[in-house]
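Trainee: sequence and predicted model, in that order:
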Amino acid sequence: MTGTVLVARLDSAGDVLLAGPAIRAVAARARVELLCGPNGAEAGSLLPGVHQTEVWAAPWIVEPAPAATPRHVDRLIELVCGLDPDEAIVLTSFHQSPLPLALLLRLAGVPRITGASVDYAGTLLDVRLRPGEDFAEEQSEVTRALGIAAAAGYVLPADDDGRLAVAPPPDTAALTGSRPYVVVHPGAAVPARTWPAGHHRAAVQRLRDAGLGVVVTGSARERELTAWVAGEAGLDLGGRTDLRQLSGVLAGAAAVVVGNTGAAHLAAAVGSPVVSLFSPVVSERCWRPFGVPVVVLGRTDTACAGSRARVCPVPGHPCLADVTPATVVEAVLGVARTPSAAQVEVIAT
């Protein structure tokens with residue numbers, strides 16, 4: 001070990017899971033202290049290579065955002081001073097800047113900071129990657145994070161395949177039963193990324209009619225949704241799992257039907273095939289499930305493409321509403337039978 005490295009990924013659970021391979025690259029040589037936002041902390045606790053997870057809500061990332069008061073900023077500076085890291089690596093998506101956090105880390109005395117920034121960084125970054133010059137603007141978030149870690153001097157060991165990973169999932173047969181099943185996860189934090197609930201319900205019935213068990217998952221806030229989607233055809237686990245238990249449920253699935261949300265990346269981290277209902281408000285190249293068999297469904301020719309909209313700006317939500325339950329069931333039957341780990345891509349338009 002060469003010291004302590006603070007790795008920061010201040011977004012939500014899916015973002016933190018996608019940072020996992022980069023974190024393992026750092027952990028191969030140093031002790032990793034992970035700095036997360038409140039929505040990413042539970043995912044951070046599941047990642048191999050993390051010594052400790054710290055939580056701070058960044059006023060420029062979290063929604064709703066906390067006030068950027070001296071007290072709130074001082075809490076981060078005190079936290080970082082207590083960790084006394086030898087360096088920091090700030091992981092960001094293509095549309096984010098590492099500079100606000102880098103400034104606060106400098107005030108906390110961090111001597112070496114690495115990040116990717118299109119903006120002039122002055123003395124805030126010791127190692128600065130220039131997106132569009134040093135690496136592609138649009139690439140998998142996993143690859144992007146690995147590139148930032150590599151610029152700081154940390155690469156994956158030869159025996160690490162670079163896929164997503166979490167702590168060994170628990171046995172959740174007591175929740176799901178022993179019959180083979182497909183997971184349907186209808187919720188998402190961002191409304192623009194959700195397939196219509198009625199389509200989900202119809203797909204659950206069609207999957208059951210095809211002879212498959214169906215388990216419907218979601219958070220405690222989504223219990224009403226999961227109960228309605230499950231109906232009498234599916235097993236409703238809405239609100240009955242924490243993230244670690246959800247990893248076990250997903251690990252046992254023949255396939256997972258899910259939008260572009262954290263559960264998609266958790267499914268990939270436990271090696272389950274994914275039918276991805278992907279809204280084009282963000283780039284599929286950046287955010288598709290990584291390293292597992294995946295079928296991507298969703299129109300890409302709609303006006304919302306690339307908008308990063310949280311609420312669909314197009315009447316009728318055609319990018320996802322035009323994907324039929326029959327198409328999803330066909331995709332499930334195809335990807336669940338895929339014997340290899342090679343990716344399969346089907347874009348339904």
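Mentor: Right, received. Where do you want to start?

Trainee: look up the closest residue to Val55, ignoring the ones flanking it.
Mentor: Leaving aside its chain neighbours, Val55 sits nearest to Ala41 (4.7 Å; criterion: CB to CB, 6 or more residues apart in numbering). Glycine gets a C-beta too; all of them are placed from N, C-alpha and C.

Trainee: pLDDT (mean, whole number) over stretch 84-91?
Mentor: The average pLDDT within stretch 84-91 is 98.

Trainee: nope, stretch 232-240 is what I meant
Mentor: Averaging pLDDT along stretch 232-240 gives 97.

Trainee: please compute how far it lies from its chain's middle.
Mentor: Relative to its chain's centre, stretch 232-240 lies at 23 Å (CA atoms, centre = their mean, to the nearest Å).

Trainee: all the helices of this structure, residue numbers only.
Mentor: 13-18, 20-27, 41-44, 70-83, 99-107, 141-151, 173-176, 197-209, 223-230, 243-251, 262-269, 284-287, 318-321, 325-336 (DSSP state H).

Trainee: tell me the spacing between the closest residue to Gly238 other than its chain neighbours and Ala264.
Mentor: Spatial nearest neighbour of Gly238, excluding adjacent residues (CB to CB, 6+ apart): Thr226 at 2.9 Å. To Ala264, Thr226 is 16 Å away according to CB to CB, to the nearest Å.

Trainee: same question, Ala67
Mentor: Counting by CB to CB, the gap from Ala67 to Ala264 is 32 Å.

Trainee: between those two, tell me which one has more neighbours.
Mentor: Ranked by neighbour count (other CB atoms under 10 Å), Ala67 and Ala264 place Ala264 first, with 31 against 7.

Trainee: contacts only, for that one.
Mentor: Residues in contact with Ala264, defined by CB atoms under 8 Å, 6 or more residues apart in numbering, are 14, 185, 256, 258, 274, 276, 289.

Trainee: restricted to strands, list those.
Mentor: Using DSSP state E, 185, 256, 258, 274, 276 are the members of those that sit in strands.

Trainee: shaky segments in this protein?
Mentor: Along the chain, the parts satisfying pLDDT under 70 run over 1, 337-349.

Trainee: can you rerun that using 90?
Mentor: 1-2, 63, 94-95, 131-138, 178-179, 188-193, 279-285, 287, 299-319, 337-349 (pLDDT under 90).

Trainee: go ahead and measure how far stretch 288-300 is from the middle of the chain.
Mentor: Centroid separation for stretch 288-300 versus its chain: 13 Å, with CA atoms, centre = their mean.

Trainee: got it, and stretch 103-121?
Mentor: 24 Å.

Trainee: compute the first-to-last residue distance for that stretch.
Mentor: 10 Å (CA to CA, to the nearest Å).

Trainee: then stretch 177-185?
Mentor: Terminal-residue distance, stretch 177-185 (CA to CA): 18 Å.

Trainee: repeat for stretch 158-173
Mentor: End-to-end distance for stretch 158-173, by CA to CA: 35 Å.
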